[in-house]
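Participant: Sequence first, then the predicted structure:
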Amino acid sequence: MSAFSLESIKNNIVPHKYEDFVYAYGTAGFRSKAEVLDSVMYIVGILAALRSKKLNGATIGVMITASHNPEEDNGVKLVDPRGEMLEQSWEGYATKMANAKDGESLVQAVNEIISAQKINIETPASVIYGHDTRPSCPDLVKHLESGLQVSGAQAKNYGVLTTPMLHYLVRCLNTAGTSDAYGEPSAEGYYKKLSDAYKTAVKGYARLSPLTVDCANGVGAIKLREFIQHIPEEILATNVINDQTTTLGALNKNCGADYVKTNQRAPPTATIAPGDRFCSYDGDADRIVYYYVDKDNVFRLLDGDKIAGLAAMFIMELVNDAGIDSVKVGVVQTAYANGSSTRYLEKVLKVPVSCVATGVKHLHHEAEKYDIGVYFEANGHGTVLFSPAALNTIKTTEAKTPAQNRALQQLSALTELINQTVGDAISDMLLVETILTNRQWSLDAWDQAYTDLPNRLVKVVVADRTIFKTTNAERQVVEPAGLQAEIDAIVAKYSNGRSFVRASGTEDAVRVYAEAASRAETDELAYKVAQAVYDRGSGVGSRPLLQ
Ligand code: G16
């Protein structure tokens, strides 16, 4: 390990691939075509080391993944010491460093951070990193390592990992030996923590029928196979499909959570009959959606909204049965949440609901405001956070009846089973399976909570998506001027109509969401709004047409 050296930082800078490419730390870090990311990896190594130094040598995580994006993309994000996303105030530093085109300007950007954050560069730095199964990862890792090297960071490569496992490891390493120790910092430790909790949570209940898991041909296939070795088949039966992790071009292609959610259909590789139970992960296994076909073979999606409703319902009942009503539950959603789900949460469950901008980081912080904060994006990203006070109440309350005892035990198991750092497909799957097993519910029974309003997501490619600016948790567009009035006028023509538009932080497109009373109205509304976006944004390619 060498020392932090501005001279080395300057001399080893990795040149930008294209002069005019502008980098931005977006919804989930840097994300774009893998070919333009060499220079970004180098600066991320330096930034991670600086962040660690700023936090007195706490371990910082770096995950190389482009999650749901196509295989030719890649990306990188930083993980803060408790396993949460990089503090937002540092995103600007990341962007500034990434856009420095020569050694001098990079050193200048680094010096600005050191002085603004009052960083003692003599403080040791500790960084761990991992990556998904993309073919571009090994080369990108080398550039990251070069950035870590010139920063003198103590670094450890954890190799191929799901994103949530990397978040877990970061938290374990930073809490080791404290009263707040999160777990054993290894893949084995992660599998053991989750599997032990699951066994407790379903004890005494009959196992459900096997669950088929579409792993998007990504890292989830490898890790789920390892994980299920820790649970006997009499307790959880899974069948893994879309596990071609070494087939070029297969990752996220016509499969995975994003495909299923966006297209509202099962992957073509899934043979699905009434009564079957299916779920899909995304490419780095941090999202999950469930689905089935009803008795008429009609596809039914149980997305992040449905998971939030199920989790909130179950946890609220446990809190009630445990006699710890002082512990308040809340749910966090984004504008993509189906209107029916919000109505169900507010009117049926009577649980407070907050709406925040897209991005796990926004939901996570909002969820921390509740004693137990359930947060899910409709696309299947989410988890449940237990505050220190809630954890304490669950652990210290003395049960007066067997029913109360059972509820407290169940809650306690959930605090171990649910990944507290970030949404996690494996952990979320166990949460859903726990609830369904406790209730002995089919997917159809779960689906009865409410009926989704028909909804449609459309992507519009425009000349420059950054001109689209929004407010009010992304529910209204402020720029280009006049677009919101146009959307309002279109929406007004549809019963139960709702639509909003926003620039994606992970893809070069503007996303359009629409929902209305009927499928035909929803599709028409979505495409009319998409055309307005296309016209205002000097759309690229063909005009969106109603299909
Ligand atoms: C990332 C973020 C999610 C977000 C998704 C889509 O997910 O972590 O919070 O919902 O991107 O974001 P956007 O609409 O801005 O493209 P992932 O699974 O791609 O890491």
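Facilitator: Perfect, thanks for sending it.
Participant: quick one: secondary structure of the residue of the stretch 51-200 of the chain found nearest the ligand?
Facilitator: Of all residues in the stretch 51-200 of the chain, S67 sits closest to the ligand, with a separation of 3.3 Å (Cβ to the nearest ligand atom). Every C-beta, even on glycine, is put in place using the N, C-alpha and C of the backbone. Using DSSP: H, G, I helix; E, B strand; the rest coil, the structure places S67 in coil.
Participant: and the residue nearest to it when sequence neighbours are not counted, how many neighbours?
Facilitator: Of all residues not flanking S67 in the chain, D284 sits nearest, at 4.7 Å (Cβ to Cβ, 6 or more residues apart in numbering). Using other Cβ atoms under 10 Å, D284 has 33 neighbouring residues.
Participant: and what of the one 3 residues further on?
Facilitator: R287 has 32 neighbouring residues, counting by other Cβ under 10 Å.
Participant: How about I490?
Facilitator: Count around I490 with other Cβ under 10 Å applied: 18.
Participant: Can you tell me how far it is from E72?
Facilitator: Counting by Cβ to Cβ, to the nearest Å, the gap from I490 to E72 is 35 Å.
Participant: can you check G382 too?
Facilitator: In terms of Cβ to Cβ, G382 sits 28 Å off from E72.
Participant: in the protein, which residue is closest to the centre?
Facilitator: H381 (4.1 Å; Cα atoms, centre = their mean).
Participant: Who does that one form a beta bridge with?
Facilitator: Counting by DSSP bridges, H381 forms beta bridges with R287.
Participant: looking at it, it is touching R287, isn't it?
Facilitator: Yes: the pair H381 / R287 is scored as a contact, 4.8 Å apart, by Cβ atoms under 8 Å.
Participant: which residues do the two both contact?
Facilitator: 304, 423 (Cβ atoms under 8 Å, 6 or more residues apart in numbering).
Participant: Helix or strand: which one has the residue nearest to S67?
Facilitator: Take DSSP states H and E as the rule and D284 turns out to sit in neither a helix nor a strand.
Participant: Could you pull up phi and psi at it?
Facilitator: phi -120, psi 10 (degrees, to the nearest 10).
Participant: Spit out the contact partners of it.
Facilitator: Here D284 is in contact with 63, 65, 67, 132, 162-163, 218-220 (criterion: Cβ under 8 Å, 6+ apart).
Participant: and if you look at A517?
Facilitator: Residues near A517 by Cβ under 8 Å, 6+ apart: 453-454, 494-497.
Participant: for V432, same thing?
Facilitator: By Cβ under 8 Å, 6+ apart, the contact list for V432 reads 279, 288, 290, 307, 310-311.
Participant: is it fair to say F278 lies in a strand?
Facilitator: Yes: secondary structure of F278 (three-state DSSP): part of a strand.
Participant: any idea of the pLDDT on it?
Facilitator: Note for F278: predicted pLDDT of 98.
Participant: same question, G26
Facilitator: Turning to G26, the model gives it a pLDDT of 87.
Participant: So what's the residue count around it?
Facilitator: Applying other Cβ under 10 Å, we find 19 residues neighbouring G26.
Participant: partners of it in the sheet?
Facilitator: Counting by DSSP bridges, G26 is bridged to G29.
Participant: Thought E507 was touching it, still the case?
Facilitator: No: counting by Cβ under 8 Å, G26 does not reach E507; the two are 9.7 Å apart.
Participant: neighbours around the nearest residue to S427 once chain neighbours are set aside, how many?
Facilitator: Spatial nearest neighbour of S427, excluding adjacent residues (Cβ to Cβ, 6+ apart): N419 at 4.1 Å. Close neighbours of N419, defined as other Cβ under 10 Å, add up to 28.
Participant: So for N419, what pLDDT did the model give?
Facilitator: pLDDT recorded at N419 is 98.
Participant: Which residues of the protein lie near the ligand?
Facilitator: For the chain, the residues in contact with the ligand (Cβ under 6 Å from any ligand atom) are 27-28, 67-68, 282, 286-287, 358-360, 377, 379, 381, 504-507, 511.
Participant: S8: neighbour count?
Facilitator: 18.
Participant: What's the first helix or strand after the helix or strand hosting it?
Facilitator: According to DSSP H and E, S8 maps onto helix 6-11. Where DSSP H and E defines the elements, the next helix or strand beyond helix 6-11 is strand 30-33.
Participant: The next helix or strand after that next one packs against which elements?
Facilitator: Once the chain leaves strand 30-33, the next helix or strand it forms, by DSSP H and E, is helix 38-54. Where contact means 3 or more Cβ pairs under 8 Å, 6 or more residues apart in numbering; DSSP states H and E, helix 38-54 is packed against strand 59-64, strand 73-79, helix 91-98, helix 103-116, strand 126-131, helix 137-150.
Participant: Point out the most buried one among those.
Facilitator: Mean neighbour count (mean count of other Cβ atoms under 10 Å) peaks for strand 59-64 among those, with a mean of 28.
Participant: Are there helices or strands packed against it, and which ones?
Facilitator: Using 3+ Cβ pairs under 8 Å, 6+ apart, the elements in contact with strand 59-64 are helix 38-54, strand 73-79, strand 126-131, helix 137-150, helix 163-175.
Participant: Redo these as TSV? Include mean pLDDT and distance to P544.
Facilitator: Shown next, in TSV, are these (pLDDT from 0 to 100; distance: least, Cβ to Cβ, whole Å):
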stretch	mean pLDDT	distance to P544
helix 38-54	98	31
strand 73-79	98	22
strand 126-131	98	35
helix 137-150	98	34
helix 163-175	98	31
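Participant: CSV please, covering those and showing distance to G249.
Facilitator: Below are the helices and strands packed on strand 59-64 laid out as CSV (distance: least, Cβ to Cβ, whole Å):
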stretch, distance to G249
helix 38-54, 22
strand 73-79, 12
strand 126-131, 18
helix 137-150, 15
helix 163-175, 21
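Participant: Select, out of the ones you listed, the one closest to V14.
Facilitator: Nearest of these to V14, taken as Cβ to Cβ: helix 38-54 at 4.2 Å.
Participant: coming back round to it: so for G382 and E72, which residue has more residues nearby?
Facilitator: G382 (30 against 15).
Participant: ok, and the closest non-adjacent residue to that one?
Facilitator: For G382, ignoring the flanking residues on the chain, the nearest one in space by Cβ to Cβ, 6+ apart is F376 at 3.0 Å.
Participant: so that neighbour sits right up against A312, yeah?
Facilitator: No: using Cβ under 8 Å, F376 makes no contact with A312, being 9.5 Å away.
Participant: which neighbours do those two share?
Facilitator: In terms of Cβ under 8 Å, 6+ apart, F376 and A312 are both contacted by the residues V331.
Participant: Those two - which one has more neighbours?
Facilitator: Taking other Cβ under 10 Å, F376 and A312 do not tie; F376 has more neighbours (32 against 22).
Participant: Torsion angles phi and psi at the more buried one?
Facilitator: Taking degrees, to the nearest 10, you get phi -150, psi 140 for the backbone angles of F376.
Participant: distance of it from the ligand?
Facilitator: 10 Å (Cβ to the nearest ligand atom, to the nearest Å).
Participant: where does M1 land on pLDDT?
Facilitator: 62.
Participant: what sits against T269?
Facilitator: Per Cβ under 8 Å, 6+ apart, neighbours of T269: 214, 241-242, 254-255.
Participant: just to confirm, which helix or strand has it in it?
Facilitator: Using DSSP H and E, T269 is not contained in any helix or strand.
Participant: What separation do you get for it and T247?
Facilitator: Distance, T269 to T247, by Cβ to Cβ: 12 Å.
Participant: can you check V510 too?
Facilitator: For V510, the distance to T247 equals 32 Å [Cβ to Cβ].
Participant: what about stretch 512-519, how long is it end to end?
Facilitator: End-to-end distance for stretch 512-519, by Cα to Cα, to the nearest Å: 16 Å.
Participant: got it, and stretch 459-470?
Facilitator: Using Cα to Cα, the end-to-end distance of stretch 459-470 comes out at 17 Å.
Participant: Contacts for that stretch, please.
Facilitator: By Cβ under 8 Å, 6+ apart, the residues outside stretch 459-470 that reach it are 357, 476-480, 483, 500-504, 507-512, 530, 533-534, 537-541, 544.
Participant: Among the residues you listed, which are located in strands?
Facilitator: 476-479, 500-503, 510-512 (DSSP state E).
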